[in-house]
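Participant: Give me the fold of what follows.
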Amino acid sequence: MIVRAEWPGYVVDVLVKPGQEVEEDEALVLLELTDQGRTPFYVNAPEAGKVREVLIEEGDFAQEDDELVAIGESDRDE
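Facilitator: Numbering: from 1, shown residues only. Got it, this is the predicted structure:
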């Protein structure tokens, strides 16, 4: 599963790394939106799993629908 940006924004912090197990709704990335208030917004895991790949870096600009993090099945599920 690929987690995508819902809105455009700057990547302030990447909160996960490859190999890390995440729970459903766990924060993966912190974006700063491009609105006037530069609102911070967390991108959360839609389901539990293992981070397979981080596709962005701190400081990057993510467009709406850009790929951020790849999550696969957890080792606990195998």
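
Participant: Next, the contact list for G37, please.
Facilitator: Neighbouring residues of G37 by C-beta atoms under 8 Å, 6 or more residues apart in numbering: there are none. Every residue, glycine included, has its C-beta placed from N, CA and C.

Participant: separation between it and G9?
Facilitator: In this structure, G37 and G9 are separated by 12 Å, where distance is defined by C-beta to C-beta, to the nearest Å.

Participant: do the same with D35
Facilitator: Counting by C-beta to C-beta, the gap from D35 to G9 is 9 Å.

Participant: F41 now?
Facilitator: According to C-beta to C-beta, F41 stands 6 Å off from G9.

Participant: what is in contact with the two at once?
Facilitator: With contacts taken as C-beta under 8 Å, 6+ apart, F41 and G9 have 31-33 as neighbours in common.

Participant: Mind putting those residues into JSON lines with distance to E67?
Facilitator: Formatted as JSON lines, the entries for these read as follows, by distance: C-beta to C-beta, whole Å:
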{"residue": "L31", "distance to E67": "13"}
{"residue": "E32", "distance to E67": "18"}
{"residue": "L33", "distance to E67": "18"}
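
Participant: out of the residues you listed, who has the most neighbours?
Facilitator: If you count neighbours using other C-beta atoms under 10 Å, the busiest of these is L31, which has 24 neighbours.
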